[in-house]
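Visitor: Quick one, fold the following:
(chains A, B and C)
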Amino acid sequence: MGKSVWLVGIAGDSASGKGTLARALLESLDGQAAWVSLDDYHVFDRRERKERKITPLRPEANHLGLMARHYRALASGEAVLKPVYDHSTGTFGRPQLFRPPRMVIFTGLLPFATRELEEALDLKVFLDTHPELKYAWKVARDCRTRGYTPEDLARDMARREPDFTAFVEPQRDRADLVISQLPAEGGVRSRLRAVPGIFAPVRKGFRQGGLALVPWGGGVVLDADPAVEGAWLVKAASLLEVDLPSPPPGVLEGSRAVRAILAGLLRGWLEEAGTREEAV
Amino acid sequence: MRDAYGETLAALGEEDPRLVVLDADLSSSTKTSVFARRFPERFFNCGIAEANMMDVAAGLALTGRTVFVSTFAIFTTKGWEQIRQVAAYARLPVKVVASHAGIQVGPDGGSHMCLEDLALMRAIPGMKVVCPADAVETASAVEALARTPGPAYLRMARSPSPVIFGPGYVFHLGRPEVLADGDEVALLATGLMVARALEAREILAEAGVSARVVNVSTVKPIDHNALLEAVAGVSAVVTAEEHSVLGGMGSAVVEVLAERMPIPVVRVGVRDRYGQSGEPEELFREYGLTAREVARAALEALERAGRKKGEEDPPGRGSPGD
Amino acid sequence: MAIRTLGEREELLRELARVAARVRYRVVEAIGRAGSGHPGGSLSVVDILVVLYFAHMRHTPTNPSWWARDRLVFSKGHGCPALYAVLAEAGYFDPEELATLRRFGSRLQGHPGMTGLPGLEVPAGSLGHGLSVGAGIALGLRLDSIPARVYVVLGDGELDEGQVWEAALFASHQRLSNLVAIVDANGFQLDGPTREILDTEPLLAKWEAFGWEGMEVDGHDHAALLEALEWAASSERAPRVIVARTVKGKGVSFMEGQGAWHGVAPKGEELEKALEELGRAMEVRGEGW
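Guide: Okay, the predicted model is just below:
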């Protein structure tokens, strides 16, 4: 039957930018993808975590076994009954039947924390965001929508640190793509690192948001649009590493550039799969 | 005994705000009314519907609370299958506290005299069965059961019982306890029969027989080693209970002794009969549950012990009834 | 949010039909493999359970003992293969485990026991207990101010048990508006049609006389069940009952409406035929929509 549904996992700490990335990807994939937050697979709700003094970063606080079963079912195009965790109330809602479109993007703390999970995903992305940025983004989001105070958050982040190092961060070494986000003057400096071969399925070059990704010598390169002022470092090697400094005004911002690259990659997959289906 | 239960329950209710109590239209008799007055929102009168009450108790226990359920002993048996199928099967903290057990119910007659409850409850896997000797032990046992996980059955008498224990007494689940020493015969008693066994000890002393009295307030589980220790050194054993001799405390003790330390035993209890109306003392005499009967049983047991080696029972003698 | 859940009712109903078809297949397969069990009453209750777990109750398979979950008390214990299959399908445990039904050491006992099976709230098997247990849970939830509901699934034969009516009285007396009873009225009990053995009709009138609010639905019509459950869950005063008219053995042509299939497992050719029919139903539901 071949591949019916593509699965992408985006790992990263709370407020590392997973949602922003997922939303951007969805937008540029024209309704062919859906986004599932793996917070839905929390074992405990907020009250229970507090009582048990357990952070959601720990594997036992997430139903990794059910996640793996659902990955496999979704990959073969089957609908699943997905648990629902409601961030606004910190508790679970009515679970929902979910039938996957052609691609599902999972974001969470532990999307590929086990071999079982890793094996079911087609692409593993790790968002490596500097703590300063995480804090700033967390304050901006959680104090507004999840009812926390900045003091809560600072305490919470300190408490989570050991679990982050122990359980979330190790996924970086297993990722196909690592997106680093660092604080920089006037914005965010992003860096993209990919394992060899990950961009190989892209045959044709494509253009998106002032960037082009083209095949070159067995790998790919990131190419700046000629219309954009100031070309970014473009390097092609067995290991793709792109440094994207925070651009001057008027030029595409680093993190947006990374999103564009990733979206390009995923669209490439869907397009290719589409051609294959047509051929059959 | 019942008053002690009511008061203890109310005190426990103070301590544990999640504790709830159910009754089946007998709260003024079982004394759960004391709790009901103090905590009306945590007391549920289920009406004359015991089967439903036992399963409602299980449901409440499933929401993470300890549940005390009370009615007369005979009516708990209407909910026996419910206790067996849900509360006990699911190992829930449902504590059935039954009052008005045995023949001292008196004038109410045979329909109200439960002589089978210990046997029935003892047969349920995992069930703890307790039959305290007086008000002090009742209070302590109720407290202990509230803190012990899983289902339990506690049996109380209707009549006021003589006080045996001092105020500092602490009940230990499962452990038979020597109340008075003696080295020829051990009188193992439960519930109201403990006081009678102590009296029987006096009678025996007058006859020159040294009797030990052991309170077997936990009918299940019995600590085997503690039981063997409690009867160590004597030549014979008597069990005494205000219950059928079939399946109650006497049976429980005999089962252990037969396997671990065979010794002559005479069981005092109701011999496969129903109760009937009458004054408690009349009934105790009719059913052979007086101190004098216990003493007589001790002499009989000792006699058998003495004739043990090779001698046979004279023809035509034996325990009647079972 | 961007998640593409089946919010649209049409789409949801299509998916529920797919799930129900898969559950039926698993039920017959498991009973067939076990060599004994109760296919008739398991198949009649499938749609009720599918709609409850997949479209109505608030629960989470990630945390079966979540404090605020809606509770299901499955009182007609002999129909448990349907419950097991739905729980597995909903993610409580791996569907592979269904193959152990009724085997030694299995968490899937012939009638539900306390084996630590995730999602199973209460043991069952002896009829007549569930409504009382459900009432107790509902009372406990109310004492804790937990806004969850309790759903009790009963058989119509089970209503012969006097305890059900003690519980019905108790629940309405206590005004347990967070308690919902669902009667899987398939019209049969072991020895024959319920009307011939011990007639409990008219059902709705009896419940109403006991202080319940009730309605009757086609127990295989997912849309109707969904609506009835939404109605039942909106009660503020009294417990509510849904009398779901069902067909014993629903989904297997030669079992439908046949009392003889109450407690007999299909074997050999019959099993093959049943699975073939149910397999075809799955394909039709899967692709034909």
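Visitor: in the chain, what spans have low per-residue confidence?
Guide: No chain was given, so I picked chain A. Chain A contains residues with pLDDT under 70 at A:1-3, A:184-187, A:194-258, A:272-280.
Visitor: hmm, I had chain B in mind actually
Guide: Checking chain B against pLDDT under 70 turns up B:307-322.
Visitor: most centrally placed residue in it?
Guide: The residue lying closest to the centre of chain B (C-alpha atoms, centre = their mean) is B:Cys131, at 2.6 Å.
Visitor: give the contact list for that one.
Guide: Contact partners of B:Cys131, counting by C-beta atoms under 8 Å, 6 or more residues apart in numbering or on different chains, are B:Ala101, B:Leu118, B:Leu154, B:Arg155, B:Thr190, B:Gly191, B:Ser217, B:Val219, B:Glu241, B:Met249. C-betas here are computed from N, CA, C, even on glycine.
Visitor: One more pass at 7 Å, please.
Guide: Shown in contact with B:Cys131 (C-beta atoms under 7 Å, 6 or more residues apart in numbering or on different chains): B:Leu118, B:Arg155, B:Thr190, B:Gly191, B:Ser217, B:Val219, B:Met249.
Visitor: got a list of what the fifth one touches?
Guide: The reference is to B:Ser217. Residues near B:Ser217 by C-beta under 7 Å, 6+ apart: B:Val130, B:Cys131, B:Pro132, B:Ala133, B:Glu137, B:Ala141, B:Phe171, B:Thr190.
Visitor: same check, this time on the fourth one
Guide: Under the criterion of C-beta under 7 Å, 6+ apart, the contact list for B:Gly191 reads B:Cys131, B:Ala133, B:Arg155, B:Ala157, B:Glu241, B:Glu242.
Visitor: try 10 Å this time
Guide: By C-beta atoms under 10 Å, 6 or more residues apart in numbering or on different chains, the contact set of B:Gly191 is B:1, B:101-102, B:104, B:118, B:130-134, B:137, B:155-157, B:161, B:215-217, B:219, B:240-243, B:248-249.
Visitor: what about C:Leu275, neighbour count?
Guide: Neighbourhood size, C:Leu275 [other C-beta atoms under 10 Å in any protein chain shown]: 17.
Visitor: Assumed it was part of a helix.
Guide: Yes: checked against DSSP: H, G, I helix; E, B strand; the rest coil, C:Leu275 lies within a helix.
Visitor: Tell me if I'm right that it and C:Pro266 touch.
Guide: Yes: taking contacts as C-beta atoms under 10 Å, C:Leu275 lies within contact range of C:Pro266: 8.6 Å.
Visitor: Could you tell me which residues touch both of those two?
Guide: Joint contacts of C:Leu275 and C:Pro266 (C-beta under 10 Å, 6+ apart) are C:Val28, C:Gly32, C:Val252.
Visitor: Which of those fall within helices?
Guide: Under the assignment DSSP state H, the shared contacts of C:Leu275 and C:Pro266 contribute C:Val28, C:Gly32 to helices.
Visitor: Closest one of the shared contacts of C:Leu275 and C:Pro266 to C:Leu13?
Guide: Checking the shared contacts of C:Leu275 and C:Pro266 against C:Leu13 with C-beta to C-beta, the nearest one is C:Val252 at 22.1 Å.
Visitor: List the contacts of the closest one.
Guide: Applying C-beta under 10 Å, 6+ apart, we find C:Val252 in contact with C:24, C:27-28, C:39-40, C:43, C:258, C:261, C:266, C:270-271, C:273-278, C:281.
Visitor: If we use 7 Å, what do you get?
Guide: So C:Val252 contacts C:Val28, C:Leu43, C:Ala274, C:Glu277, C:Leu278 (C-beta under 7 Å, 6+ apart).
Visitor: Tell me the spacing between it and C:Glu272.
Guide: Going from C:Val252 to C:Glu272 by C-beta to C-beta, to the nearest Å gives 12 Å.
Visitor: same question, A:Met157
Guide: From A:Met157 to C:Glu272 the distance is 60 Å (C-beta to C-beta).
Visitor: which one of these two has more residues nearby?
Guide: Between A:Met157 and C:Glu272, A:Met157 has the larger neighbour count (other C-beta under 10 Å), namely 17 against 12.
Visitor: Does the more buried one touch A:Ala136 like I think?
Guide: No: the criterion here is C-beta atoms under 7 Å, and A:Met157 misses it with A:Ala136 at 11.4 Å.
Visitor: Look at the closest residue to chain A within the stretch 101-250 of chain B and give its secondary structure.
Guide: Nearest to chain A in the stretch 101-250 of chain B, going by C-beta to the nearest C-beta, is B:Pro149, at a distance of 20.0 Å. Under three-state DSSP, B:Pro149 falls in the coil class.
Visitor: if we can go back for a sec, CSV please, covering the contacts of C:Val252 and showing distance to C:Ala85.
Guide: Output for the contacts of C:Val252, formatted as CSV (distance: C-beta to C-beta, whole Å):
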residue, distance to C:Ala85
C:Val28, 10
C:Leu43, 11
C:Ala274, 15
C:Glu277, 17
C:Leu278, 12
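Visitor: Could you list which of the residues you listed also contact chain A?
Guide: Among those, proximity to chain A is found for none (C-beta under 7 Å from any C-beta of the partner chain).
Visitor: Compare these and tell me which is most surrounded.
Guide: C:Leu43 (31 neighbours).
Visitor: which element is that one on?
Guide: For C:Leu43, the host element (DSSP states H and E) is helix C:39-51.
Visitor: Among the contacts of B:Cys131, which are located in strands?
Guide: Residues of these located in strands (DSSP state E): B:Arg155, B:Val219.
Visitor: How many neighbouring residues does the residue of the stretch 51-200 of chain C found nearest chain A have?
Guide: Using C-beta to the nearest C-beta, the closest approach of the stretch 51-200 of chain C to chain A is made by C:Thr62 at 3.8 Å. Per other C-beta under 10 Å, the neighbour tally for C:Thr62 reads 26.
Visitor: Torsion angles phi and psi at A:Arg160?
Guide: Main-chain torsions, A:Arg160, degrees, to the nearest 10: phi -80, psi -20.
Visitor: In this structure it contacts A:Ile54, no?
Guide: No: look at A:Arg160 against A:Ile54 with C-beta under 7 Å: they stay out of range, at 10.8 Å.
Visitor: out of the two, which sits in the busier spot?
Guide: Neighbour totals were compared for A:Arg160 and A:Ile54, and A:Arg160 leads with 18 against 15 (other C-beta under 10 Å).
Visitor: list the contacts for the more buried one?
Guide: So A:Arg160 contacts A:Thr55, A:Leu57 (C-beta under 7 Å, 6+ apart).
Visitor: Mind doing that once more with 8 Å?
Guide: So A:Arg160 contacts A:Asp13, A:Ser14, A:Thr55, A:Leu57 (C-beta under 8 Å, 6+ apart).
Visitor: Relative to chain B, how far out is it?
Guide: Counting by C-beta to the nearest C-beta, to the nearest Å, the separation of A:Arg160 from chain B is 29 Å.
Visitor: same thing with C:Tyr151?
Guide: Applying C-beta to the nearest C-beta to C:Tyr151 and chain B gives a distance of 13 Å.
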